[in-house]
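Asker: what follows is a predicted protein model with its sequence.
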Amino acid sequence: MDMPSEEFRRAAHQAVDWMADYLAAPGRYPVLPTMEPGDLVARLPRAAPSAGEPIDEILADFERQIVPALTHWNHPRFFAYFSVSASGPGVLAEMLAAALNVNGMLWKSCPAATELEQTVLAWLLDALQLPEKWFGIIYDTASISTLHGIAAARERADPDARRRGGDGSLTLYTSCHAHSSVEKAAITLGLGQENVRLIEADEAFRMRTGALEESIRRDLAAGKKPFCVVATVGTTSTTSIDPVPDIAALARKYGLWLHVDAAYGGPAAIVPELRPLFNGIEQADSLVLNPHKWLFTPIDLSVFYTAHPEILRRAFSLVPEYLKTNEDSRAVNYMDYGVQLGRRFRALKLWFVLRYFGRDRLAEMIRTQVGWAQQLAALIEQHPDFEVSAPHPFSLVCFRHKAGDQKNRRLLEAVNASGRAFLSHTVLQGNVVLRLAIGNIHTTWDDVRGTWEFIEGLC
Ligand code: PLP
């Protein structure tokens, strides 16, 4: 028997009260916990209890044991990696989705999950100004979306690969600044890391298209089969933007599938004045963007679009008897378009977020964060001992102290050990560089400026 409904109601109210207090002021916690690896494991029992425990005790242990071991991604001074948000409407939808516990593998297994996914992805497509006829599907992460894009590319180039496996001839192109998920997809699909060409980048960390074409020609001359190129709009280290129109032209010339990774940057395309940064993406064969990165939607929710749903379907569809249904062709069975069968009702949270904020406010929030990044970069430029290390078209600023790597590593450690802010790093042109990524819904300009002043004070 499940938890009695009155007990559930009481505990749920308690949990929601906790969430409301938490989300009202996540900044009161240290961003990073003070602990060593293994500390939490050591504090928790070795085995699950044989007899059930009262829910009050479990909730109390959540506060006592789990919260102090959290890295607070909701913290307004979380500036590491890409800063994300669990906005109120998104959290509410996650709770409802958990209670409903539907599985959207087939239209029949939950029409609402399927048709809401179709609806919100059409809304988003419209907001991004992308071709109306593109097909969309929600996966968990951008890594998985990119895997599906490359699998579809392989299906087009070598339809027999699905049956006999790869023959080692297909070659994939991306920039040396592309996310590691591109290479991981090649590993997973059996294409082989050796067949991934990491094309050099220019001084602004963009793929060099001349080098791309040379690499394709070299491979053709060697009897290889170039089949796919992955361009990035908003790379992970610096948010650089590959020259998508030029890459699209080469993709057409050599018959390559163009997959665009806009995992982080993509949501900014809803801001009219930022849309030109995305010119050319409408020529892609597939595209990924993550509302869980920069559209105030709780993790996980990655959106994948393709101009060729029939190829994606050919790559993945495999329908055993027990999953056959008899609806007409209007019914989309999302299980046909990917590896996984079971699918969470993720569309619900995107629907809540898009409706609650509306396109204008979402665009305004992104615009404001991009503006703060520009203001921060200006402050850094004014400092005699610091320099901005890369162009900053979105809301990430890469910068470094001119004294060198050791100084920058020490600064990073000092900031992160303080519990007041969390930054991450990368290496650009051989130098350690600090990354300050703005994206959390709780962040204010005071948080950005205050963190910069704190860093200045450490010098
Ligand atoms: N692509 C880019 C450009 C990214 O920056 C990231 C993560 O930061 C990814 C892909 C992978 O995202 P995910 O964690 O959703 O797999």
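Answerer: Arrived safely, thanks for sending.

Asker: select the longest helix from the protein.
Answerer: Ranked by residue count under DSSP state H, the longest helix found in the chain is helix 347-382.

Asker: please state the offset of it from the chain centre?
Answerer: 16 Å (CA atoms, centre = their mean, to the nearest Å).

Asker: what about the closest residue to residue 169 other than its chain neighbours, how many residues nearby?
Answerer: Distances taken as CB to CB, 6 or more residues apart in numbering put residue 225 closest to residue 169, at 4.7 Å, once the chain neighbours are dropped. Any C-beta I mention is one placed from the backbone N, CA and C, and that applies to glycine too. Residue 225 has 16 neighbouring residues, counting by other CB atoms under 10 Å.

Asker: check residue 39 too.
Answerer: 12.

Asker: and it, what does it touch?
Answerer: residue 69 (CB atoms under 8 Å, 6 or more residues apart in numbering).

Asker: 10 Å instead?
Answerer: 33, 68-69 (CB atoms under 10 Å, 6 or more residues apart in numbering).

Asker: and what of residue 326?
Answerer: Residue 326 neighbours (CB under 10 Å, 6+ apart): residue 108.

Asker: check what pLDDT it gets.
Answerer: We note a pLDDT of 88 for residue 326 in this prediction.

Asker: relative to residue 333, how far out is it?
Answerer: Going from residue 326 to residue 333 by CB to CB, to the nearest Å gives 12 Å.

Asker: where do the contact lists of the two overlap?
Answerer: Joint contacts of residue 326 and residue 333 (CB under 10 Å, 6+ apart) are residue 108.

Asker: what does the stretch 301-450 of the chain put close to the ligand?
Answerer: Residues of the stretch 301-450 of the chain lying close to the ligand by CB under 6 Å from any ligand atom are residue 302.

Asker: what about the strands in the stretch 301-450 of the chain?
Answerer: 302-306, 386-388, 396-401, 424-428, 431-437 (DSSP state E, counting those that start in this stretch).

Asker: so can I have CSV of the ones you listed showing mean pLDDT and mean neighbour count?
Answerer: Formatted as CSV, those follow (pLDDT from 0 to 100; neighbours: other CB atoms under 10 Å):
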stretch, mean pLDDT, mean neighbour count
strand 302-306, 98, 27
strand 386-388, 98, 18
strand 396-401, 98, 25
strand 424-428, 98, 16
strand 431-437, 98, 23
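
Asker: show me what the closest residue to the ligand within the stretch 301-450 of the chain bridges to in the sheet.
Answerer: Closest to the ligand within the stretch 301-450 of the chain is residue 302: 5.3 Å, counting by CB to the nearest ligand atom. When bridges are called by DSSP bridges, residue 302 pairs up with residue 139.

Asker: list the contacts of it.
Answerer: 137-146, 148, 263, 266, 288-293, 346.

Asker: at 8 Å instead, please
Answerer: Residue 302 touches 138-142, 144-145, 263, 288-292, counting by CB under 8 Å, 6+ apart.

Asker: ok, back up a step: next up, phi/psi of the residue nearest to residue 169, please.
Answerer: phi -120, psi 90 (degrees, to the nearest 10).

Asker: out of the contacts of residue 39, flag the one nearest to residue 237.
Answerer: Distance to residue 237 across these (CB to CB) is lowest for residue 33, with 25.9 Å.

Asker: tally of neighbours for the closest residue to that closest one other than its chain neighbours?
Answerer: With CB to CB, 6+ apart as the criterion, residue 33 has its nearest non-adjacent residue at 5.1 Å, and that residue is residue 69. Using other CB under 10 Å, the number of residues around residue 69 comes to 14.

Asker: picking that back up, in the sheet, who's paired with the residue nearest to residue 169?
Answerer: residue 170.

Asker: pretty sure residue 282 sits in a helix.
Answerer: Yes - per DSSP: H, G, I helix; E, B strand; the rest coil, residue 282 lies within a helix segment.

Asker: my read is that residue 229 contacts residue 173, right?
Answerer: Yes - counting by CB atoms under 8 Å, residue 173 is a contact partner of residue 229 at 4.3 Å.

Asker: quickly list what's touching both of these two.
Answerer: Common contacts of residue 229 and residue 173, defined by CB under 8 Å, 6+ apart, comprise 212, 256.

Asker: what sits against residue 417?
Answerer: residue 32.

Asker: please report how far it lies from residue 410.
Answerer: Distance from residue 417 to residue 410, by CB to CB: 10 Å.

Asker: next one: stretch 435-452 to chain centre, how far?
Answerer: Distance, centroid of stretch 435-452 to centroid of chain: 19 Å (CA atoms, centre = their mean).

Asker: now do stretch 251-269
Answerer: Between the centre of stretch 251-269 and the centre of its chain there are 15 Å (CA atoms, centre = their mean).

Asker: does that stretch reach the ligand?
Answerer: Yes - using CB under 6 Å from any ligand atom, we find that stretch 251-269 touches the ligand at 261, 263-264.

Asker: and for stretch 228-240?
Answerer: Yes - using CB under 6 Å from any ligand atom, stretch 228-240 reaches the ligand at 232, 234-236.

Asker: who does the helix or strand hosting residue 21 touch, helix- and strand-wise?
Answerer: Residue 21 is part of helix 5-24, with elements assigned from DSSP states H and E. Identification of packing neighbours for helix 5-24 by 3 or more CB pairs under 8 Å, 6 or more residues apart in numbering; DSSP states H and E yields helix 55-61, helix 88-100.

Asker: need the ones you listed in TSV with distance to the ligand and mean pLDDT, can you?
Answerer: Shown next, in TSV, are these (distance: least, CB to the nearest ligand atom, whole Å; pLDDT from 0 to 100):
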stretch	distance to the ligand	mean pLDDT
helix 55-61	29	98
helix 88-100	16	98
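
Asker: would you mind finding the most buried of the ones you listed?
Answerer: By mean neighbour count, with neighbours taken as mean count of other CB atoms under 10 Å, helix 88-100 ranks first of the helices and strands packed on helix 5-24 at a mean of 17.
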